[in-house]
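S.K.: sharing a sequence plus its predicted fold:
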Amino acid sequence: MASHRISVKLCQLSRTCSSKLLQSKCIPSQKRFARCMNSVIQDTKKSGPGGPDAVLTDALKPPASSVTDEDRPHFPGSRSSWTEKLEFVEPTLYDGVPVYRVLNREGGILDSTQDPNLSEETVLKMYHSMTLLNTMDRVLYDSQRQGRISFYMTNYGEEGTHIGSAAALDLKDLVFGQYREAGILMWREFPMEQFMNQCYGNSADWGKGRQMPVHYGSTEHHFVTISSPLATQMPQAVGAAYAYKRARNGQCVITYFGDGASSEGDAHAAFNFAATLDCPVIFFCRNNGYAISTPTSEQYRGDGIACRGPGYGMRAIRVDGNDVFAVYNVTKAAREMCLAEMRPVLIEAMTYRIGHHSTSDDSSAYRSVDEVRYWDKHDHPIGRLRKYMVKRGWWDDKKEQAWMKESKQMILTAFAQAEKLKKPPITESFKDVYAEMPPHIRRQMNEVKQHIAKYKDHYPIENFEEWKE
Ligand SMILES: Cc1ncc(C[n+]2csc(CCOP(=O)(O)OP(=O)(O)O)c2C)c(N)n1
Ligand SMILES: [Mg+2]
């Protein structure tokens, strides 16, 4: 429950601060409020997230105040006090939500109370999943460059956010991803052949070749099919969480989204619906510094995404996304809170997108090679976990070499098989929207069939399976 306490504590910061100020019967000047907030953050740092915790206890208590209910404003929904000072709330009120971490850059545990104490088997699975994802990205990225698939998006640098969160969830928790979360599926053992089949859009693809590459989906893996329009998955996730709450099925919903997606109207609607309807949903923001070429400095003026949580009446936490154990701890705690209290939680995982946005992008046009190199060489989630494992005697160079060879082979075998398969029959694109095909869709399908039959020399029909009917 240590991880539970850190989240509760961090997200009660502003309430604690207000309660401290109320206790001293003062109306906060911004400076005083900022000082108070900083002292709370310092207390938090000192006592440690799981340590003895006066701040947390105070925060959870209603503020002891001589102000009676009669003295307070009675506006509907109001929970504040009166002031006779004309003061605007400054956006720079406090230093910012701190970044929770467990591992240092050398793979050492900073505070033993925060060590999730995962078994060797689990840590190995984490490492295998992160590196497999990394190797798969290299193979598929290169295959796009060679013209074998149409498009690809790598996950470089964000492996810690995927695997740390996936490992903390129950396998049946429902995932609504954005598009850069293949690691969740990797953890859930989505078959390697399926990754390949989907990117090739071949006849063995569970999505029947109807989606762009990387738009995976699997009912069996409780992973809703990716759709490209940003943030549309977020209100959908809230709706699913509301249904889960009503069904009392003991599962929660998680939705992933980027720093860019968080500016979409859908993100705000999702936050507010989740908070007001008390939905068991985890909002997991991968803040990787960029939305294609737009840096976060142009994306928002506030303190990132985490600070929006209290604005919507939602708990929030910021975590080092390159620290797989820290991500694991916060997601586990968020899941427990979601289900125990039927409330949403917002996680902002700080990370860095090492690759280009997609194969349609060239990031050298808007960021320096040195910036990218820093994250690749000095603060990489995989390197950090490897150092931890080496320290424990669980990993060494020999094992690394053997695993790299084995995993690359596994990927290349699946890749070669996928490439051999034909595309699904063209008629598949007209099916599965309606249980029974309506006449207008059937008419369109027949027109396409006649067109292709007439102009077959102009189409690579040999790459497609023949339609049956
Ligand atoms: C509604 C909508 N607007 C614009 C786009 C084009 N687009 C695709 S990805 C992207 C950037 C998203 O950035 P972010 O959410 O930070 O995710 P990241 O790519 O960094 O993982 C944009 C603008 C889109 N897909 N949908
Ligand atoms: Mg981004």
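M.R.: That came through fine. Numbers count the residues shown, from 1 in each chain. Ligands and ions are numbered 1, 2, ... in the order given.
S.K.: make it CA atoms for all contacts and neighbour counts henceforth
M.R.: Will do.
S.K.: skipping its backbone neighbours, what lies nearest the closest residue to ligand 1 within the stretch 351-469 of the chain in space?
M.R.: Across the stretch 351-469 of the chain, the shortest distance to ligand 1 (C-alpha to the nearest ligand atom) belongs to His357, at 5.6 Å. Counting by C-alpha to C-alpha, 6 or more residues apart in numbering, the nearest residue to His357 once its immediate chain neighbours are dropped is Ile292, at 5.2 Å.
S.K.: quick check: the residue of the stretch 351-469 of the chain closest to ligand 1 is in a helix.
M.R.: No: under DSSP: H, G, I helix; E, B strand; the rest coil, His357 falls outside any helix and is assigned coil.
S.K.: which SS class is Glu400?
M.R.: For Glu400, the reduced secondary structure class is helix; criterion used: three-state DSSP.
S.K.: restrict stretch 173-187 to CA atoms and write it as PDB.
M.R.: Listed next in PDB are the C-alpha coordinates belonging to stretch 173-187 (Å, rounded to 0.1, in the frame of the first residue of the first chain):
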ATOM      1  CA  ASP A 173      -8.600  -4.300 -17.600                       C
ATOM      2  CA  LEU A 174      -9.800  -2.700 -20.800                       C
ATOM      3  CA  VAL A 175      -7.200  -0.600 -22.700                       C
ATOM      4  CA  PHE A 176      -8.000   2.300 -25.000                       C
ATOM      5  CA  GLY A 177      -4.800   3.300 -26.600                       C
ATOM      6  CA  GLN A 178      -3.800   6.200 -28.800                       C
ATOM      7  CA  TYR A 179      -1.300   4.500 -31.200                       C
ATOM      8  CA  ARG A 180       2.100   4.500 -29.600                       C
ATOM      9  CA  GLU A 181       1.400   1.800 -27.000                       C
ATOM     10  CA  ALA A 182       2.400  -1.500 -28.700                       C
ATOM     11  CA  GLY A 183       4.200  -2.400 -25.400                       C
ATOM     12  CA  ILE A 184       0.900  -3.000 -23.700                       C
ATOM     13  CA  LEU A 185       0.100  -5.700 -26.200                       C
ATOM     14  CA  MET A 186       3.600  -7.100 -26.000                       C
ATOM     15  CA  TRP A 187       3.200  -7.500 -22.200                       C
END
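S.K.: now do that stretch: everything it contacts.
M.R.: Under the criterion C-alpha atoms under 8 Å, 6 or more residues apart in numbering, residues 125-126, 129-130, 132-133, 153-155, 159, 162-163, 165-167, 214-215, 221-228, 230-231, 233-234, 237, 251-258 lie in contact with stretch 173-187.
S.K.: again, 6 Å this time
M.R.: Stretch 173-187 is contacted from outside by 129, 155, 162-163, 166, 222-224, 233, 251-257, using C-alpha atoms under 6 Å, 6 or more residues apart in numbering.
S.K.: just these that are near ligand 1?
M.R.: Among the contacts of stretch 173-187, the ones lying near ligand 1 by C-alpha under 6 Å from any ligand atom are Phe257.
S.K.: give me the neighbour count for the residue nearest to Ser263 when sequence neighbours are not counted.
M.R.: With C-alpha to C-alpha, 6+ apart as the measure, Gln299 is the residue that lies nearest to Ser263, at 7.4 Å, once sequence neighbours are left out. Burial of Gln299, expressed as a neighbour count using other C-alpha atoms under 10 Å, amounts to 17.
S.K.: my guess is the residue nearest to His357 meets His356, correct?
M.R.: No: if you go by C-alpha atoms under 6 Å, Ile292 and His356 don't touch, sitting 7.9 Å apart.
S.K.: now do the shared contacts for those two.
M.R.: Common contacts of Ile292 and His356 (C-alpha under 6 Å, 6+ apart): none found.
S.K.: and the next element down the chain from the top helix by length along the chain?
M.R.: Taking DSSP state H as the criterion, the chain has its longest helix at helix 120-145. Moving toward the C-terminus from helix 120-145, the first helix or strand encountered (DSSP states H and E) is helix 159-168.
S.K.: can you give me the strands for the stretch 251-400 of the chain?
M.R.: 253-258, 281-287, 290-291, 294-295, 315-320, 345-350 (DSSP state E, counting those that start in this stretch).
S.K.: can I get the ones you listed in a markdown table with distance to Val99, mean neighbour count and mean pLDDT?
M.R.: As requested, those are arranged in a markdown table below (distance: least, C-alpha to C-alpha, whole Å; neighbours: other C-alpha atoms under 10 Å; pLDDT from 0 to 100):
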| stretch | distance to Val99 | mean neighbour count | mean pLDDT |
| --- | --- | --- | --- |
| strand 253-258 | 17 | 26 | 98 |
| strand 281-287 | 12 | 28 | 98 |
| strand 290-291 | 18 | 18 | 98 |
| strand 294-295 | 19 | 14 | 98 |
| strand 315-320 | 5 | 26 | 98 |
| strand 345-350 | 8 | 28 | 98 |
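S.K.: quick one, phi/psi of Tyr100?
M.R.: Per-residue torsions, Tyr100: phi -70, psi 130 (degrees, to the nearest 10).
S.K.: distance of it relative to ligand 2?
M.R.: With distances taken as C-alpha to the ion, to the nearest Å, Tyr100 is found 20 Å from ligand 2.
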